[in-house]
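**Student:** Quick one, structure for this:
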Amino acid sequence: EVQLVESGGGLVQPGGLLRPSCSASVFTFSTYAMSWVRQAPGKGLEWVSSINSGGGSISYADSVKGRFTISRDNAKNTLYLQMNSLKPEDTAVYYCAKNEEGDYDYWGQGTQVTVSS
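**Tutor:** Numbering: from 1, shown residues only. Model prediction:
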């Protein structure tokens, strides 16, 4: 069974930074595109960012462009999301997801990010 385990969320003040990570196992991490998706309280899922298998192709939602940076370390089977200049509206549960043919076939359990003073 594919396993995706997020960590690194937490409580931070507006303008602060966090770097959640996602540890992957039981599949060949280096051959799949990966994504971060978030869900704010009372709202639906929102795509945040995606990165291809080699890390050379990256895309971001307009809401996080210029503030967030997605990256991956295929030697460590780990996906990262560097989040800078955090805003209260970034408060959400952040999930990493394995891409498969234009969709997501596996998800982590999520990590809570709360931006509040």
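**Student:** For the longest strand belonging to the chain, which outside residues touch it?
**Tutor:** For the chain, the longest strand by residue count, based on DSSP state E, is strand 92-100. Around strand 92-100, the neighbours that count as contacts under CB atoms under 8 Å, 6 or more residues apart in numbering are 2, 4, 6, 9, 20, 22, 24, 27, 32-41, 46, 48, 50, 79, 81, 104-113. (Glycine included, C-beta is placed from N, CA and C.)
**Student:** repeat that for 7 Å
**Tutor:** 2, 4, 6, 9, 20, 22, 32-40, 50, 79, 81, 104-108, 110-113 (CB atoms under 7 Å, 6 or more residues apart in numbering).
**Student:** now do stretch 64-74
**Tutor:** Residues outside stretch 64-74 that contact it (CB under 7 Å, 6+ apart): 29-30, 34, 36, 48-49, 51, 55, 58, 60, 78-85.
**Student:** Quick one: distance of that stretch to the chain centre.
**Tutor:** The chain centre lies 8 Å from the centre of stretch 64-74; the measure is CA atoms, centre = their mean, to the nearest Å.
**Student:** re earlier: any of the contacts of strand 92-100 buried? List them.
**Tutor:** Neighbour counting with 16 or more other CB atoms under 10 Å marks 4, 6, 9, 20, 22, 32-38, 50, 79, 81, 104, 106-108, 110-111, 113 as buried within the contacts of strand 92-100.
**Student:** that older thread, just checking: what are the partner strands of the longest strand of the chain?
**Tutor:** Here strand 92-100 is paired, per DSSP bridges, with strand 34-39 (antiparallel), strand 103-107 (antiparallel), strand 111-115 (antiparallel).
**Student:** Provide a list of residues in contact with the spatially most central residue of the chain.
**Tutor:** The residue lying closest to the centre of the chain (CA atoms, centre = their mean) is residue 36, at 3.0 Å. Residues in contact with residue 36 (CB under 7 Å, 6+ apart) are 48, 49, 70, 81, 94, 96.
**Student:** Put the alpha carbons of the helix or strand harbouring the fourth one into PDB.
**Tutor:** Residue 81 belongs to strand 78-83 when assigned by DSSP states H and E. Included here for strand 78-83 are C-alpha records, laid out as PDB according to Å, rounded to 0.1, in the frame of the first residue of the first chain:
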ATOM      1  CA  THR A  78      10.400  13.400   0.100                       C
ATOM      2  CA  LEU A  79       8.300  16.200  -1.200                       C
ATOM      3  CA  TYR A  80       8.500  19.700   0.300                       C
ATOM      4  CA  LEU A  81       6.500  23.000   0.300                       C
ATOM      5  CA  GLN A  82       8.400  26.100   1.400                       C
ATOM      6  CA  MET A  83       5.800  28.600   2.500                       C
END
